[in-house]
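Chemist: coordinates only, sequence not included:
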DNA sequence: GTCTATACGAAGATAGAC
DNA sequence: GTCTATCTTCGTATAGAC
């Protein structure tokens, strides 16, 4: 059911992720919704955010210890997969919540996930020898640009914007990671 | 009323932009909503998108004829203004619709606006002497990264992500615009 | 845990008087 | 053009039986 919520949030947004839709998409039992999610819809959305957050971070862990360019490549692939596997229909769950949450606390929750992603990337770049300042800029820019690129490609129903951004980001990564950390 | 819809879309998303909310926010007459917007909510959203689209493009026209770096700076300032003037509460209307539109046609409508923004930026960079390929990459990346950066700063309630991305984009612009168009 | 039934409110939309 | 009234649908949430 949480996975179903993730899928719906990514493709239909918060509005489209009603209990009715999630249940219909997952053949879940109707009667026990508030047994499993006493906090109601907000809780379901939080759990979906956690799930998506962990999945992304687990994937990125595979790039630990590799050079900066490989870390970037892994990150781009992560988003390309989301986009291509969904036929350009899915976006980022965290973005969906950020932009559409009626609840202020949900937006903060999304913000915390962005922070965690950023810190993880900074760590990966730091291990690859990139100086702290460049690592932070690179991490934040990667996340921002991917979030935007996925949205553009989704709206335009074309992978071209996404691929253009990927190309530019690889170039940026080369520029920024030349500034290696002084030892 | 259209301006009110723009404000609500930017801060509350599509879900929060109900007729009731727009009316309350703008002291508009209740009775004539469907007189002015026979297409219902979808039409209101389309008009709001048009309004926001034109406003942004008009601002960017001021940078026509200037060097690439000035074009970039103008674009960054455009988004910084949105973010700061709203106390980190507003996002991009087009992003809001892309991510939350129940209607498929609205998403396409948003895509057209992204296209128009991209084409305008490509034109500005081309006039500044940047080669076509770099101009396209730079334009798409600028839009994507700003869309994402605004969302991150909004979610995290901090202007730091936004400013980090701005710094990185200026660096990228310098790299890409060195490739000048052969004459 | 899962069910049915139901309360409650919000939102989109329409009709018809003024 | 603007009003009021109303309809319908939907979504969240609760209550209580099994």
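Modeler: Cool, the structure landed. On a predicted model such as this, the values are computed, not experimentally measured, just so you know.

Chemist: Can you report how many residues lie near the closest residue to DNA strand C within chain A?
Modeler: Nearest residue of chain A to DNA strand C: residue A:31, at 1.6 Å (C-beta to the nearest atom of the strand). Backbone N, C-alpha and C define where each C-beta goes, glycine included. Residue A:31 is flanked by 7 other residues according to other C-beta atoms under 10 Å in any protein chain shown.

Chemist: That one and residue A:102: what is the separation?
Modeler: Remark: distance between residue A:31 and residue A:102 (C-beta to C-beta, to the nearest Å) = 26 Å.

Chemist: separation between the residue of chain A closest to DNA strand C and residue A:23?
Modeler: Look at residue A:31 and residue A:23: by C-beta to C-beta, they are 10 Å apart.

Chemist: re earlier: need the three-state assignment for the residue of chain A closest to DNA strand C.
Modeler: Judged by DSSP: H, G, I helix; E, B strand; the rest coil, the three-state class of residue A:31 is coil.

Chemist: quick one, what contacts it?
Modeler: Taking C-beta atoms under 8 Å, 6 or more residues apart in numbering or on different chains, we find residue A:31 in contact with no residue.

Chemist: Quick one, grab the pLDDT at it.
Modeler: With respect to pLDDT, residue A:31 scores 94.

Chemist: now do residue A:183
Modeler: Confidence for residue A:183, expressed as pLDDT, is 47.

Chemist: Could you give the average pLDDT over stretch A:129-141?
Modeler: Stretch A:129-141 comes out with an average pLDDT of 97.

Chemist: To clarify, my last question referred to stretch A:60-76.
Modeler: For stretch A:60-76, mean pLDDT is 98.

Chemist: Touching it from outside, list them.
Modeler: Against stretch A:60-76 from outside (C-beta under 8 Å, 6+ apart): A:59, A:78, A:120-121, A:124-125, A:127-130, A:138, A:142, A:146, A:166, A:169-170, A:173-174, A:177.

Chemist: and chain A, which of its residues are near DNA strand C?
Modeler: Applying C-beta under 7 Å from any atom of the strand, we find that chain A lies next to DNA strand C at A:29-32, A:35-36.

Chemist: show me where pLDDT drops low in chain A?
Modeler: Applying pLDDT under 70 to chain A picks out residues A:179-183.

Chemist: And the residue nearest to the spatial centre of chain A, how close does it get to residue A:32?
Modeler: Geometric centre of chain A, nearest residue: residue A:92, 5.1 Å, by C-alpha atoms, centre = their mean. Taken as C-beta to C-beta, the spacing of residue A:92 relative to residue A:32 amounts to 29 Å.

Chemist: Report whether the expected contact of residue A:80 with residue A:162 is present.
Modeler: Yes: shown here, residue A:80 and residue A:162 form a contact pair, counting by C-beta atoms under 8 Å, at 7.0 Å.

Chemist: hang on, the earlier thing: and for residue A:31 and residue A:23, which residues touch both?
Modeler: Common neighbours of residue A:31 and residue A:23, counting by C-beta under 8 Å, 6+ apart, are absent.

Chemist: Look up the closest residue to residue A:170, ignoring the ones flanking it.
Modeler: Nearest in space to residue A:170, with sequence neighbours left out and distances taken as C-beta to C-beta, 6 or more residues apart in numbering or on different chains, is residue A:72 at 6.3 Å.

Chemist: Having no further points to raise, I will conclude here.
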